[in-house]
Structures are given as C-alpha cells and as structure tokens.
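Coordinates for the following, if possible.
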Amino acid sequence: MTTEMTMPRRGAAAGGPRLRAAIAAAFVLARFKPGRLRRVLTRCSRGARPASYAETLEVYEAVVATSRRCAGRYGCLPRSVAIALACRMSGFWPDWCAGVRTAPPFSPHAWVQAGGRTVGEQAEPADLRPLMVVTTVREGVPGERGGGGDGSDGSGRAA
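Below is the predicted model:
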C-alpha cells in the first residue's frame, strides 16, 4: 500500500494580498514585548464586533493554508496574531489569548477563541490557561474594557 508523501502546495492563491499583509504584520508584532503586543492588539480590536466560531475557523484555515510557518507547531504566536488581524480586516474580532498549556507538555501557547471555543486547536479551553486576553473593545459600552463608565480613557489615567 502506498500513501501520498508530497506536501500540498501552500500559498498558491490561498490568501489574497490582505491576508498576506496580516501574516507579514503578525510576524513583526510577534517580536514585540508582551505588554506592547497587547496594547497594539487592543487598539486593533476597537470597534469590531465579536467573531463567530465559523468566521474565525474560516480565517484560521486561510492563514495556515497561506503560511507554512504559521501552520507549524511553533508558529502559534504569529498564527494567532495573523488570525486576529485578518478577522479585524473583515470587521470582527475573536478573543486573542496568550498563556500556557495546563497539561503536559507544559509550554507557552497563543490561540484564538470564538463563541467560548478554541479555534483550530486540538486542546480544549480547559487545557489552556490564558494569561493575556484581548477581547472586542466597544467604545462607550459600560462594563467592557475601554468602555467608559469608570472615568478613564482606557490608558489607566482619568479622563
């Protein structure tokens, strides 16, 4: 019995220029310090509507089909950032998370969630412990991050 041993050709029209731009930006942002990355992603999420699982899964599949590095085992940070940025270009935002795996092998990990489910991950949400989460920031909505009502302008100082 034989099996196909060639890799499918990735990047051959899987994503358009906007998707490739999001992936390129993700590799730049992935080199930022965690606090700065979080601030940049929080700004990007402003004004977007929350993403559905189906929308986010579609973007996930396009990102891993376009970039071999994002599809690889160690590409979780640029992959998750690229998915978030590509989703934002379409007007919605998934929950971007960075944290650790709670089951062996214990390791740092970054992922996206939508509808309370991890997108494109083999791990369940219970197997991952988020240390940083960037959710949709809606201006003027009390109770949400950056939503006002607490007298701050989202930067930690009073308005």
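
residue ranges for the strands of the protein, please.
Ranges of strands in the chain, per DSSP state E, are 49-50, 92-93, 95-101, 108-114, 117-118, 128-134.

Which parts of this structure are helices?
Assignment of helices within the chain using DSSP state H yields the ranges 17-29, 34-45, 53-66, 68-71, 76-89.

coming back round to it: buried deepest among the strands of the chain, which one?
Mean neighbour count (mean count of other C-beta atoms under 10 Å) peaks for strand 92-93 among those, with a mean of 22. The C-beta positions use only the backbone N, C-alpha and C, and glycine is treated the same way.

Now do that one: which elements does it pack against?
Where contact means 3 or more C-beta pairs under 8 Å, 6 or more residues apart in numbering; DSSP states H and E, strand 92-93 is packed against strand 49-50.

can you list the residues that contact the strand it packs on?
Under the contact criterion C-beta atoms under 8 Å, 6 or more residues apart in numbering, strand 49-50 has outside partners 91, 92, 93, 94, 114, 135, 136.

Which pLDDT does the model give residue 144?
In this model, residue 144 is scored at 41, pLDDT.

let me redo that: residue 103
At residue 103, pLDDT is 83.

cool, and residue 8?
At residue 8, pLDDT is 45.

follow-up on the earlier one: and the strands of the chain: which comes nearest residue 66?
strand 108-114 (15.9 Å; C-beta to C-beta).
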